[in-house]
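Participant: Task: produce atomic coordinates for the following.
(2 chains)
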Amino acid sequence: MQIKFDHVSFSYNPNTPFQVDALKDINLEFFENNVTAIVGRTGSGKSTLTELINKLLTPTSGRVVVNNLVNDKKVKVKGKKMKAFRKDIGFLFQFSEHQLFEDSVIKDVMFGIKSYYPKHPNPLALAKQSLSLVGLDETFYERSPFDLSGGEKKRVAIAGVLAYQPKVLILDEPTAGLDNKGKKEIMDLFMKIHQTGVAIILVSHDMDVVLEYADQMVVIDNGEIERIGKPKEILKEDVEQYNLETPNIYKVVHLLKRHGKKIDENKITDIASLIKELKNNG
Amino acid sequence: MDKNILGKYVPYNTAIHRLDPRMKILGMIMLIVSIFLSFGSWTLVFTLSGINASLIFILMLISKVRLRDLIYQLRSIWILVIILMIINIFLPPINSEHIIAEWGNFKLYAESFLQSAKIILRLLEMFGVAMILTATTTPQQLTYGFSFFIKPLKKIKFPVEEVAMTISIALRFIPTLLEETDRIYKAQASRGIDFKHGSIKDKFKGIISLIIPLFVSSFAMSDDLAFALEARGYNPKAKRTQYRQLRWKMCDTIVLILVILYMAAFITLFAMKFDFMKQIFPLSW
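Facilitator: Residues are numbered from 1 along each chain as shown, chains lettered A, B, ... in the order given. Take a look at the predicted model:
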């Protein structure tokens, strides 16, 4: 699935005193079967960028091409065509637990399938499959989503997006507000989904998550692309110039280096690889 | 949500923005009275309307409210415009005498159109005044202004401060709820709801998928707010002062006097039924 940004600019409320230029002349291509991280500080335009992909927003100028479908100002898209735009893209928002509304978990998970594929022969099977993927068993099926805990709600929301089998999954701050264990659990879940052939676009503040899981990293600041490259290469530099935080694991590495340990940063993405590297170098 | 809707504050810093909200509320009421006080021959009605319209237009220029946004309001009342036309054509105003066309018993009077035009003009002028008020005054200031005017009701045990607090909280949560709506809207649109072009069934489902999460989260929010107020010992019955005091300035008095004079001129004309246009152009309608 090809996603390409071609000279895309986007302004909120153009030609009013509220005008905000969120994105300026973005050229970008997402590679298939990658985990691409989009990073930048709050208000840098990263959410806007993702919302242009499934045409929640339309560029003020330039165009976004998704699977031969064009999102630009000139082409009016509505009805079935709009669904064609969106059905291959799963979008998981930051507060995805707020999107649940049906009276049972299983109905809510089937909602996406029913609206994209009204004639699907067996939406129930797909829903059950994606619920088991996120680790919710049949005791949950008939429960009301509003009686669940926060974490369970989030899982139902994820299942609801996975159920219509998107080819690209856009994750907006998936780890926000989670502890380390929760982060690992949810990211492992997304990696499991990624292995079934789903490309992932990850918007995050958490540089450790980006370092550990992303193949490619796009740094955005003030609506412009500052850097594109491998997370390891970008993050080992001084990333504070882009208003990003150095990953915690690299902070540890820098400390260890200052105390005379020999460590090759290129081999380190998470705690396990750091331990391995330390063992190898005695 | 990027349309400039009626009642949206626009953060410029013009002379009108700086006026006292109480003055602006009074001024709005008086201007609306003037707008509805045109009378007499059609020439006079439209002359007076024209005077009002030009004053409102000047005020719009000063306060940087765009004419386009006012015209945009027509979109929301076009059904009203059509109904008005039909009613006025089939039930022409009394004293209609200028026939444009005639089919058998049915007579088409010029007055039918004049009458519709008069009403639409007045409505638009009223919208214009209301837009100037809301575009130049923050909701918070408006609340302060209104609570000043209902303060005398305290004498009859009307809970003025509680009402003011409730209104401020309600206003405070409008942007928060809009944000929440936007977020849920986007989430459901990503799950395949087509709010704009779907079938009626789709749209109905879409609205339900918006309203239920909104209800749930606004109840959660109001719960949180209530707990936060309780935790800080908020007592609705206590006597309150305001952090931002309204300050009546000299220019407020001057503008208020000008508006009073303006309205007084209209009332005088109306009371004396002095149709000066008829004096100048005796042949006018």
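
Participant: what sits against residue B:259?
Facilitator: B:26, B:27, B:30, B:31 (C-beta atoms under 8 Å, 6 or more residues apart in numbering or on different chains). (C-beta placed from N, C-alpha, C; glycine too.)

Participant: Go through the residues you listed and say which is closest to chain A.
Facilitator: residue B:27 (23.1 Å; C-beta to the nearest C-beta).

Participant: which residue sits closest to the closest one in space, ignoring its chain neighbours?
Facilitator: Nearest non-adjacent residue to residue B:27, counting by C-beta to C-beta, 6 or more residues apart in numbering or on different chains: residue B:259, 4.7 Å away.

Participant: just residue B:270 next, same as before
Facilitator: residue B:37 (4.8 Å).

Participant: What helix or strand is the one you found located in?
Facilitator: Under DSSP states H and E, no helix or strand contains residue B:37.

Participant: Can you report how many residues lie near residue B:242?
Facilitator: 9 (other C-beta atoms under 10 Å in any protein chain shown).

Participant: should've said residue A:148
Facilitator: So residue A:148, with other C-beta under 10 Å, has 18 neighbours.

Participant: Was I right to think it contacts residue A:156?
Facilitator: Yes - applying C-beta atoms under 8 Å, one finds residue A:148 in contact with residue A:156, separated by 6.7 Å.

Participant: what residues are shared contacts of the two?
Facilitator: Joint contacts of residue A:148 and residue A:156 (C-beta under 8 Å, 6+ apart) are A:105, A:140.

Participant: Inside strands: which ones of the contacts of residue B:259?
Facilitator: Among those, DSSP state E puts none in strands.

Participant: Turn those residues into a markdown table, columns for pLDDT and neighbour count.
Facilitator: Output for these, formatted as a markdown table (pLDDT from 0 to 100; neighbours: other C-beta atoms under 10 Å in any protein chain shown):
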| residue | pLDDT | neighbour count |
| --- | --- | --- |
| B:26 | 93 | 18 |
| B:27 | 93 | 25 |
| B:30 | 94 | 19 |
| B:31 | 93 | 24 |
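
Participant: I'd like the mean pLDDT over stretch B:173-192, please.
Facilitator: For stretch B:173-192, the mean pLDDT works out to 88.

Participant: Show me chain A divided up by domain.
Facilitator: Following automatic domain parsing, chain A resolves into domains at A:3-237, A:247-282.

Participant: Off-centre distance for the shortest one?
Facilitator: What it means is domain A:247-282. Here domain A:247-282 shows a centroid-to-chain-centroid distance of 27 Å under the convention C-alpha atoms, centre = their mean, to the nearest Å.

Participant: Same check on the first one?
Facilitator: Using C-alpha atoms, centre = their mean, the distance from the centre of domain A:3-237 to the centre of the chain it belongs to is 5 Å.

Participant: how far does it stretch from start to finish?
Facilitator: 28 Å (C-alpha to C-alpha, to the nearest Å).

Participant: Residue numbers of the stretch 151-282 of chain A in contact with chain B?
Facilitator: A:160, A:161, A:164 (C-beta under 8 Å from any C-beta of the partner chain).

Participant: wait, doesn't the second one sit right on residue A:88?
Facilitator: No - in this structure residue A:161 lies outside contact range of residue A:88 using C-beta under 8 Å: 11.9 Å.

Participant: Comparing those two, which shows the higher neighbour count?
Facilitator: residue A:161 (27 against 18).

Participant: Can you tell me the element that one falls in?
Facilitator: helix A:150-162.

Participant: Beyond the helix or strand where the residue nearest to residue B:27 lies, next helix or strand please.
Facilitator: Per DSSP H and E: residue B:259 is located in helix B:250-272. Counting by DSSP H and E, the next helix or strand C-terminal to helix B:250-272 is helix B:276-280.

Participant: Check which helices and strands that following helix is in contact with.
Facilitator: helix B:42-63 (3 or more C-beta pairs under 8 Å, 6 or more residues apart in numbering or on different chains; DSSP states H and E).

Participant: Show me which residues of the helix it packs on are buried.
Facilitator: B:42-49, B:52-53, B:55-56, B:59-60, B:63 (16 or more other C-beta atoms under 10 Å in any protein chain shown).

Participant: With stretch A:123-140 instead?
Facilitator: A:123, A:126, A:127, A:128, A:130, A:131, A:133, A:134, A:136, A:140.

Participant: Check stretch A:71-90 too.
Facilitator: For stretch A:71-90, using 16+ other C-beta under 10 Å, the buried residues are A:71, A:72, A:77, A:82, A:83, A:85, A:86, A:87, A:88, A:89, A:90.

Participant: Residue B:277: how many residues sit nearby?
Facilitator: Residue B:277 has 19 nearby residues by other C-beta under 10 Å.

Participant: One more: residue B:180?
Facilitator: Quick note: residue B:180 (other C-beta under 10 Å) scores 19 neighbours.

Participant: ok, now which ones touch it?
Facilitator: A:98, B:214, B:217, B:218.

Participant: One more: residue A:14?
Facilitator: residue A:60.

Participant: Pretty sure it sits in a helix.
Facilitator: No - counting by DSSP: H, G, I helix; E, B strand; the rest coil, residue A:14 falls outside a helix, being coil.

Participant: how close does it sit to residue B:183?
Facilitator: Look at residue A:14 and residue B:183: by C-beta to C-beta, to the nearest Å, they are 22 Å apart.

Participant: swap in residue A:269?
Facilitator: Counting by C-beta to C-beta, the gap from residue A:269 to residue B:183 is 32 Å.

Participant: now residue B:152
Facilitator: Taken as C-beta to C-beta, the span from residue B:152 to residue B:183 is 42 Å.

Participant: Just want to know which of those two has more residues nearby.
Facilitator: residue B:183 (20 against 10).

Participant: how near is the more buried one to chain A?
Facilitator: To chain A, residue B:183 is 6 Å away according to C-beta to the nearest C-beta, to the nearest Å.

Participant: who's in contact with residue B:267?
Facilitator: B:33, B:37.

Participant: Report pLDDT for it.
Facilitator: 90.

Participant: about what we covered before: export the contacts of residue B:180 to TSV and append columns for distance to residue A:178 and neighbour count.
Facilitator: Shown next, in TSV, are the contacts of residue B:180 (distance: C-beta to C-beta, whole Å; neighbours: other C-beta atoms under 10 Å in any protein chain shown):
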residue	distance to residue A:178	neighbour count
A:98	16	19
B:214	25	18
B:217	20	19
B:218	25	15
